[in-house]
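S.K.: compute the structure for the input listed below.
(one chain, ligands or ions: 1)
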Amino acid sequence: MTAALIDGKAEAGLLLDEITHAVENLRAKGQRIPGLAVILVGEDPASQIYVRKKREDCAQVGFTSQAHLLSAQTTQHELLDLIDRLNADDTVDGILVQLPVPQHIDTETVIERISPTKDVDGFHPYNVGRLSLRLPTLRPCTPYGIIHLLDRAGETYKGRHATVVGASNIVGRPMALELLLAGATVTICHRFTRNLRPYVESADILVVGVGKRGIVNSDWIKPGATVIDVGMHRDKSGRVTGDLEFATARERAGKITPVPGGVGPMTRAMLLQNTLSAYTRRQRSPE
Ligand SMILES: Nc1nc(=O)c2c([nH]1)NC[C@@H]1CN(c3ccc(C(=O)N[C@@H](CCC(=O)O)C(=O)O)cc3)C=[N+]21
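M.R.: Predicted coordinates for the structure are as follows:
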């Protein structure tokens, strides 16, 4: 069997078209246009590329965007001041601080300073808490995008076993929560899991977000399983691959996301979706 590809790039494109249409409607009605502010501290080249891509996405759908490119020496105090100004700026619906931030800045303090109503990453403890209670909220973009892809691929959750490998704040843990809320029976594997294999072998839905190649062996994949690869690695020649050995995984899986062109583009699309949601909620009840 060769798995069907879950085309994240195409699905993201469809969502961007829908958002573009929503913005056109706002424009036609003379209403304010949604806006995203992106903050980058430091000069990491990969982060610079991501920030540029996010701004291009905004331009594509017709959002306004601001980029705040700060030097690596920026103090935490200066960063928090900027966040305060953006929190108070009525033209800004979403605020994203590109992670990681330099060592001398405390990530949690920064995330907590962002107004939960503008937290389009869905990283603020308030929004994480709301998600865990199944309340409407801004949801972390990567897991949210993966659920969107799974839904679009006709996936069902009730009575199915989902295994998530990796338990990070931004991928694994919220992913497990999303799958649980969708009705799946969920196993979370992480660095202290002794024997990964049986959990992978019994997964109907497998999400791999380890950030390292070679941890999950593609030979373990249950035949016909739906496989989502969140990893992203760039080798010396510039080739981008995921956490899994793709050729083998594709032979065993029923459906699979490629890297590139799978989860990554969908993550960026969900950022725009969250910005539109934040806009809509703020229009209804401005602070
Ligand atoms: N506050 C914050 N929010 C984030 O969402 C966030 C962050 N910080 N820091 C870094 C990570 C990484 N991330 C990616 C999103 C999309 C692609 C993406 O679109 N990848 C494409 C292109 C790959 C390529 O570069 O060729 C693909 O997989 O097809 C990649 C990486 C968001 N992150």
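S.K.: for this protein, what lies in contact range of the ligand?
M.R.: With C-beta under 6 Å from any ligand atom as the criterion, the chain meets the ligand at residues 50, 96-99, 121, 141, 232, 240, 259-261, 264-265, 267-268. For the C-beta atoms, the positions are set from N, CA and C on the backbone; glycine is no exception.
S.K.: and the buried ones among these, selectable in ChimeraX?
M.R.: The following ChimeraX line selects those of these that are buried, judged by 16 or more other C-beta atoms under 10 Å:
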select :50,96,97,98,121,141,232,259,261,264,265,267,268
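S.K.: which ones are touching the residue of the chain found nearest the ligand?
M.R.: Minimum separation of the chain from the ligand (C-beta to the nearest ligand atom) falls at Gly264, amounting to 2.4 Å. Shown in contact with Gly264 (C-beta atoms under 8 Å, 6 or more residues apart in numbering): 8, 232.
S.K.: state the three-state secondary structure for it.
M.R.: With DSSP: H, G, I helix; E, B strand; the rest coil as the basis, Gly264 sits in helix.
S.K.: kindly report the domain assignment for the protein.
M.R.: As given by the TED database, the domain ranges for the chain are 30-115, 141-264.
S.K.: okay, Val240 and Leu177: tell me how far apart.
M.R.: Per C-beta to C-beta, to the nearest Å, Val240 is found 28 Å from Leu177.
S.K.: again, but for Gly35
M.R.: Using C-beta to C-beta, we find Gly35 at a distance of 29 Å from Leu177.
S.K.: Pro116 too?
M.R.: As judged by C-beta to C-beta, Pro116 and Leu177 stand 17 Å apart.
S.K.: likewise for Thr248?
M.R.: With C-beta to C-beta as the criterion, Thr248 and Leu177 are 29 Å apart.
S.K.: Val97 too?
M.R.: Val97 is 22 Å from Leu177, by C-beta to C-beta.
S.K.: right, and Val240 touches Pro260 too?
M.R.: Yes. Using C-beta atoms under 8 Å, Val240 is in contact with Pro260, at 4.7 Å.
S.K.: between the two, which contacts overlap?
M.R.: Jointly contacting Val240 and Pro260 under the rule C-beta under 8 Å, 6+ apart are Met232.
S.K.: name the residue closest to the centre of the chain, please.
M.R.: Closest to where the C-alpha atoms of the chain average out (C-alpha atoms, centre = their mean) is Thr142, at 2.1 Å.
S.K.: which SSE is the spatially closest residue to that residue that is not a sequence neighbour in?
M.R.: Nearest residue to Thr142 in three dimensions, chain neighbours excluded: Thr267, at 4.7 Å (C-beta to C-beta, 6 or more residues apart in numbering). Applying DSSP states H and E as the criterion places Thr267 in helix 263-284.
S.K.: one more: Val38?
M.R.: Using DSSP H and E, Val38 sits in strand 35-41.
S.K.: that strand: how far from the chain's middle?
M.R.: From the chain centre to the centre of strand 35-41 is a distance of 16 Å (C-alpha atoms, centre = their mean, to the nearest Å).
S.K.: then stretch 26-40?
M.R.: Counting by C-alpha atoms, centre = their mean, stretch 26-40 is centred 21 Å from the centre of its parent chain.
S.K.: list the contacts of that stretch.
M.R.: 23, 47-48, 51, 54-55, 58, 62-70, 79, 82-83, 86, 89, 91-98, 120, 271-272, 275-276, 278-279, 283.
S.K.: looking at those, which are in strands?
M.R.: Among these, the members falling in strands (DSSP state E) are 64-70, 94-97.
S.K.: and the furthest pair within these?
M.R.: Thr64 and Leu70 (19.8 Å; C-beta to C-beta).
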